[in-house]
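Participant: Coordinates for the following, if possible.
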Amino acid sequence: MSTETIWDVGIIGCGIAGIYAGYELSKLNPGLKVILLEEGEDIDRRSCPIVAHKTKDCVSCATCAIMRGFGGAGAYSDGKYNFTTEFGGWLRDYLPEEEIMDLIRYVDDVNVSFGATEVVYSTESEAARKLEKKALENDLHLLQARVKHLGTENNLRILKNIYDHMKTRVTFRFGTSISGIKVLPDGYLLETKAEDIQCRYLIAAPGRSGAEWFAEQCNQLGLDLLNNQVDIGVRVELPAKVFEHITDVVYESKLVYRTKQYGDSVRTFCMNPYGHVVTENVDGLMTVNGHSYSDPKLQSENTNFALLVSNRFTQPFKEPYKYGKHIASLSNMLGGGVLIQRFGDLLRGTRTNEHRLSKSFVKPTLQATPGDLSLVLPKRHMDNIIEMIYALDKIAPGTANYDTLLYGVEVKFYSSRPQLTAELETKLRNFYAIGDGAGITRGLAQAAASGVIAARSVAGKLKAGE
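Facilitator: Numbering: from 1, shown residues only. Reported below is the predicted structural model:
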């Protein structure tokens with residue numbers, strides 16, 4: 001298949017990493033021919049029937065609008081940007097901390113220019129320090145970070161503003177799947193059904209939904225991969241009042257605990273005060289996530305957060321993505337999607353059913369299948385989660401209540417990442433890998449920063465005539 005245009009830069013994926021790579025390139029060199037390729041739709045056409053309140057259950061769209069499209073998996077998130085290098089990715093493996101923080105602050109400035117709030121929650125207040133001390137007294141560790149919460153509805157509005165700005169400066173190809181990447185003497189060829197796209201520089205930002213695809217492409221291109229951790233767990237939902245004294249002080253409280261039984265790390269993740277539990281469709285597998293809104297009219301009476309158990313594997317294990325998908329498939333097999341169980345039922349070894357769930361004082365914000373999570377999660381994961389819930393109960397009494405709801409499973413998919421330079425360039429010249437799907441980041445702030453890093457490297461090479 002012939003190509004009519006040779007692009008200066010091709011960007012795979014329109015998640016936040018790809019967006020910021022395209023934005024920065026168009027800013028630094030407005031004359032560049034830049035094309036962004038995305039399997040999903042643009043921000044105006046992205047529409048999930050559940051989000052649009054047309055149905056309560058996933059209808060298994062051919063392309064999941066929650067996971068794919070302009071904005072990536074972060075588009076329907078509640079837009080949390082963490083100002084830290086302590087979590088949210090592994091950019092510290094490539095750059096000094098201060099440089100990363102400068103990049104995160106730059107990303108925030110851009111977001112603000114497109115309508116983001118300037119309100120920042122901090123762990124530096126007196127109340128936050130007291131909370132940190134209380135956590136330490138109970139062997140929990142509150143990670144220090146400033147966080148900005150955009151809100152799900154505001155996050156979409158800001159992304160639309162960015163898209164409207166970019167669409168006259170770069171070229172987008174939506175609804176485009178890439179079947180293969182070929183190395184050319186002077187660039188790369190991206191194979192799609194409609195056309196072959198040739199570019200001099202290539203930036204891969206596959207996103208979480210493209211992590212497995214990217215790992216396969218790296219293997220075919222002879223790029224050695226480093227295994228990342230696998231994060232698997234549940235989403236907890238309980239009355240907002242239980243965590244109110246924490247979320248009012250530190251909106252996105254990252255609490256880490258090392259279990260006594262196994263010595264494994266368990267962490268809270270993606271805390272959503274007054275939020276809603278939602279489903280995600282990852283290549284046909286239903287997993288669970290959470291959202292929260294800034295508008296009080298859209299809020300619930302519950303708070304939800306993930307409890308994730310982190311494991312790193314050694315050789316011969318090479319596929320963390322497939323391991324996570326296998327665990328998720330067990331939930332889908334038993335419940336046709338996401339399972340829900342009361343904490344008390346789990347402890348008793350009793351399957352939650354419709355009747356028992358109807359007695360719960362905590363009313364679920366997601367219609368899920370009542371069931372038994374102990375038949376899904378490995379015993380080690382289940383034991384770790386139970387131990388963590390009891391630890392949290394010491395600083396937030398009520399966490400271990402009988403009616404606390406557990407949804408499963410929640411899986412954070414991270415690809416095995418290729419070896420990269422400080423500019424995030426692979427061993428293949430002028431081929432960059434960025435964002436969550438490439439295994440380099442796991443959050444909006446560092447993902448966006450990784451896009452800026454790659455874009456500035458490409459712009460610098462072009463200026464030098466490389």
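Participant: What is the neighbour count of Ala422?
Facilitator: When neighbours are counted by other Cβ atoms under 10 Å, Ala422 registers 13. Every residue, glycine included, has its C-beta placed from N, CA and C.
Participant: Check Leu150 too.
Facilitator: Residues near Leu150, counting by other Cβ under 10 Å, number 23.
Participant: Phi, psi for the closest residue to it other than its chain neighbours please.
Facilitator: Using Cβ to Cβ, 6 or more residues apart in numbering and skipping the chain neighbours, the partner closest in space to Leu150 is Gly79 (3.0 Å). With angles defined as degrees, to the nearest 10, Gly79 sits at phi 70, psi 60.
Participant: looking at this, Tyr323 is in a helix?
Facilitator: Yes: according to DSSP: H, G, I helix; E, B strand; the rest coil, Tyr323 belongs to a helix.
Participant: just checking, it touches Val230?
Facilitator: Yes: under the criterion of Cβ atoms under 8 Å, Tyr323 makes contact with Val230 at 5.5 Å.
Participant: more neighbours, those two?
Facilitator: The residue with more neighbours, out of Tyr323 and Val230, is Val230; 23 against 17, by other Cβ under 10 Å.
Participant: How much space separates the closest residue to Ser122 other than its chain neighbours from Lys254?
Facilitator: Once flanking residues are discounted, Ser122 sits nearest to Arg146: 4.8 Å by Cβ to Cβ, 6+ apart. Using Cβ to Cβ, to the nearest Å, one gets 12 Å for the distance from Arg146 to Lys254.
Participant: Mutual contacts of the two, please.
Facilitator: Common neighbours of Arg146 and Lys254, using Cβ atoms under 8 Å, 6 or more residues apart in numbering, are Asn82.
Participant: Contact partners for Asn289?
Facilitator: The contact partners of Asn289, taken as Cβ under 8 Å, 6+ apart, are Ser77, Arg235, Cys270, Val277, Val278, Thr279, Glu280, Ala306, Glu410.
Participant: ok so, going back, give me the pLDDT value at the residue nearest to Ser122.
Facilitator: Per-residue pLDDT puts Arg146 at 84.
Participant: contacting residues for it?
Facilitator: By Cβ under 8 Å, 6+ apart, the residues touching Arg146 are Asn82, Phe83, Thr84, Val120, Tyr121, Ser122, Thr123, Glu124.
Participant: Now with 7 Å, please.
Facilitator: If you count contacts by Cβ atoms under 7 Å, 6 or more residues apart in numbering, Arg146 has them with Phe83, Val120, Tyr121, Ser122.
Participant: In strands, which of those residues fall?
Facilitator: Per DSSP state E, strands hold the following members of those: Phe83.
Participant: out of the contacts of Arg146, which are buried?
Facilitator: Phe83, Tyr121 (16 or more other Cβ atoms under 10 Å).
Participant: Closest one of the contacts of Arg146 to Ser294?
Facilitator: Nearest to Ser294 among the contacts of Arg146, counting by Cβ to Cβ, is Tyr121 at 12.6 Å.
Participant: Surely that closest one is in contact with Asp248?
Facilitator: No: with contact defined as Cβ atoms under 7 Å, Tyr121 and Asp248 do not form a contacting pair (9.5 Å).
Participant: Just the closest of the contacts of Arg146 to Glu195, please.
Facilitator: Using Cβ to Cβ, these come closest to Glu195 at Phe83, 41.0 Å.
Participant: separation between the closest one and Asp102?
Facilitator: To Asp102, Phe83 is 11 Å away according to Cβ to Cβ.
Participant: where does the protein dip in pLDDT?
Facilitator: The model of the chain has pLDDT under 70 over residues 1-4, 50-53, 56-60, 62, 123, 227-229, 313-315, 317-318, 413-415.
Participant: Show me it divided up by domain.
Facilitator: With domains defined by automatic domain parsing, the chain comprises 6-118+148-226+416-463, 230-412.
Participant: mind checking how far stretch 448-457 is from the chain centre?
Facilitator: Centroid separation for stretch 448-457 versus its chain: 18 Å, with Cα atoms, centre = their mean, to the nearest Å.
Participant: For it, give me every contacting residue.
Facilitator: If you take Cβ under 7 Å, 6+ apart as the criterion, stretch 448-457 is touched by 16-21, 24-25, 28, 91, 100, 103-104, 106-107, 203, 205, 423-425, 432, 434-435, 440-441.
Participant: Neighbours of Glu216, how many?
Facilitator: When neighbours are counted by other Cβ under 10 Å, Glu216 registers 13.
Participant: mind listing what's buried in the helix or strand containing it?
Facilitator: Assigned by DSSP states H and E, Glu216 belongs to helix 211-220. Buried residues in helix 211-220, counting neighbours by 16+ other Cβ under 10 Å, are found at Ala211, Glu212, Trp213, Phe214, Ala215, Gln217, Cys218.
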